[in-house]
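> Got a sequence here, can you build the structure:
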Amino acid sequence: MHPRSRQRGAAAIFAAVGMIGMLIAAAFAIDLAQLYVAKRQLQNAANLAALDVARAAGGCLAPELDRQAMANMTALSTIGRLGGQSDWLQGGSVRLGEVSVDANNVRHFQSTMVEQIGQAYAFDLTLQRALPPLLLPLPSGNPDGAVMQARASSTMAPAAVFDVGSALVSLDTSDVPALNALFSSLLGSPLSLDLLHYQGLIGSSVELLDVADELLGVTLQQLLTEPTSAPGLLTAVANALFDTGETLAASAIDAIAAIAPDESIILGDVVGSPSGFVSSVGSVAIGALDLVRAVAFQLGEPVLALTPEIVIPGVLETEIELTVGESPQLGAGPAFRDELQNYMTTASTAQGQIDASIKVPLLGGLLGNLASVNLHVDLARAQADLEAIRCAGRDRLHHEVDIGVTTSVARLEVNNPTNDPLVNVLGLIKVCWVGAVEVGSGESVPLTFTGPFDPDNPQPKEISTSLGAGLSNALSDLVIQHPPQLCGPLGSLNVLLFLLGLGNEDSLLSLVLSGVLGPVTGVLDSILDPLLGIIGLDVAGGEVVVREVYMPPPALIATQ
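Modelled structure (predicted):
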């Protein structure tokens, strides 16, 4: 054969091989596209079916409805509506369970036992279908029955809004100076609102979705998780209140926004909701005063120096310095736990401390003597955990909510050592008083709340005495455990005391205590208790309030 003929033959073979390769590559690309589109369509169908199932079978069902049957029926209906076949639902059934959260805050579906299906609010389904017709066989030979799968999990669990602490439900004119002093201290500029404005704040509430809408272009997720300008946020809250007709509250917040420093805060830090469930708190109504106070707390560590104008019998002068270290946190969300079984929806009180100096005249003003009592109080946080929500049904008329409360522990300390004694007469007769006692046990207290729940008329449960009563009792314990002692430079004072007409050492200490305890108790009950109520602090717990039980929108928790 002529060499040129051989060359032309080889070229034809190479061309044919190249053409075949191109056809195979094109067919492979077409097959990949078909598989991708089919898989994506199947996953979309699984996602939509899971969301529809959660919407129909999640939350609190009517007593006559069966959760499993409702889930299966809804899944099949959605699959058919999307052009699928009923046999796409693997096993012909939706799996019921609960949401679990791992150490990385990733949510997973976890099956539940059959007897707990009535309280199962998570759903898991797998769709499968035959592979679309392919141009090329699969490496395995594309055997009959080869399928693709898509899985989706969703949830719609009932959620609750609750808080713990000292509920501020009413005000009078005596509370206004303390509130103005609080906001002035927090914001670094003077504020002068009147009683009507504060009453407007107490009586109004705002939804976080409305606040996000006022910020234009800010999603609820961003509002709760990303830094936001404090003045801008407060203005958005005011605008949302104006839109609902709450003009007094709105004008009060506008005044607060006008003096707020241009700093950024993260609003989600004051809402104790599980991460990843932001959608569950968008429609929650949050009290306007609670929201504004929480924003102000984040702008700096507030220190209030107060000289109360209230007259306490037997008290010449009272100086109080209040420091609030952490702001209260509102609980809002479903009753979920993490992998360590810690409850994820929580509320907590504020944390802070009080320093008070109380001057009391003693011994009928003998030698111009005063007793100067130095008190220090540390207030730890109380925490409330959302443990369970039981829907109304055949066995119960109204929803029930279980809250576990860990009460706070306060430490009351009196600090009048030798260099700053309780009593000092001419440097010769000194009475010192040093010691500390704890108020509250830090114990766990289970509480069950039964509906109906009305956000505008909540029914609190008390888990402790008031601050004043708690500290008054602690003051009595302090006297017993750490009584005052004579600490002057002289040895026995009996002769000097006799000459001064004060009896002996024991009678002097008794006289000092009787003159001090009454006025100091008056300060605790009449000044500190109302003041701490305004701030939202309390000793050993305070009040727990469940404001509402609601159904958040369904949400996907996993897809694959």
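> Contacts only, for L127.
When contacts are counted by C-beta atoms under 8 Å, 6 or more residues apart in numbering, L127 is found next to L42, A45, A46, A49, I79, G84, W88, L89, Q90, Q149, A150, R151. All C-beta spots, glycine's among them, are computed from the backbone N, C-alpha and C.
> hang on, Q221 is in a helix, isn't it?
Yes - under DSSP: H, G, I helix; E, B strand; the rest coil, Q221 falls within a helix.
> Let's verify the closest residue to P458 other than its chain neighbours: helix, strand, or coil?
Counting by C-beta to C-beta, 6 or more residues apart in numbering, V545 is the residue found nearest to P458 once chain neighbours are left out, at 4.4 Å. What three-state DSSP gives for V545 is strand.
> Any figure for the gap between V545 and D175?
20 Å (C-beta to C-beta, to the nearest Å).
> Tell me which of these two has more neighbours.
V545 (22 against 17; other C-beta atoms under 10 Å).
> these two touch, right, that one and F162?
Yes - using C-beta atoms under 8 Å, V545 makes contact with F162 at a distance of 6.2 Å.
> Domain-wise, how is this structure divided?
Listed by automatic domain parsing, the domain ranges of the chain are 3-148, 193-300, 314-550.
> For L182, find the nearest of those.
Closest to L182 of those is domain 314-550 (C-beta to C-beta; 6.8 Å).
> Correct me if wrong, but S514 is in a helix.
Yes - under three-state DSSP, S514 falls within a helix.
> neighbours of it, just the number please.
Neighbour number of S514 under other C-beta under 10 Å is 10.
> all strands for the stretch 351-500 of the chain, in order.
All strands of the stretch 351-500 of the chain, identified by DSSP state E, counting those that start in this stretch, fall at 351-361, 370-379, 383-390, 400-406, 410-416, 423-425, 429-439, 444-450, 461-462, 485-486.
> for the stretch 251-400 of the chain, which spans come out with low pLDDT?
The model of the stretch 251-400 of the chain has pLDDT under 70 over residues 272-280, 282, 300-315, 325-327, 362-369.
> Could you give the backbone dihedrals for L82?
When read as degrees, to the nearest 10, the backbone of L82 gives phi -90, psi 10.
> Does the closest residue to L82 other than its chain neighbours belong to a helix, a strand or coil?
Of all residues not flanking L82 in the chain, A45 sits nearest, at 4.9 Å (C-beta to C-beta, 6+ apart). Counting by three-state DSSP, the backbone at A45 sits in helix.
> Can you tell me how far A45 is from D124?
For A45 relative to D124 (C-beta to C-beta), the value is 15 Å.
> Equivalent analysis for V414, please.
Relative to D124, V414 is positioned 60 Å away (C-beta to C-beta).
> Ok, A240 next?
Using C-beta to C-beta, one obtains 38 Å as the distance from A240 to D124.
> ok, and the closest non-adjacent residue to V431?
Among residues not flanking V431 along the chain, V423 sits closest, at 4.0 Å (C-beta to C-beta, 6+ apart).
> So what's the residue count around the one you found?
Here the count is done by other C-beta under 10 Å, and V423 has 27 residues near it.
> Make 831 the starting number, not 1.
Yes, from this point I'll number from 831; that puts the last item at V1253.
> Hmm, V1203 and it touching each other?
No - V1253 lies out of contact with V1203 (C-beta under 8 Å); the separation is 10.1 Å.
> gap between the strand or helix carrying E1149 and the chain center?
Assigned by DSSP states H and E, E1149 belongs to strand 1147-1156. Put simply, strand 1147-1156 sits 25 Å off its chain's centre (C-alpha atoms, centre = their mean, to the nearest Å).
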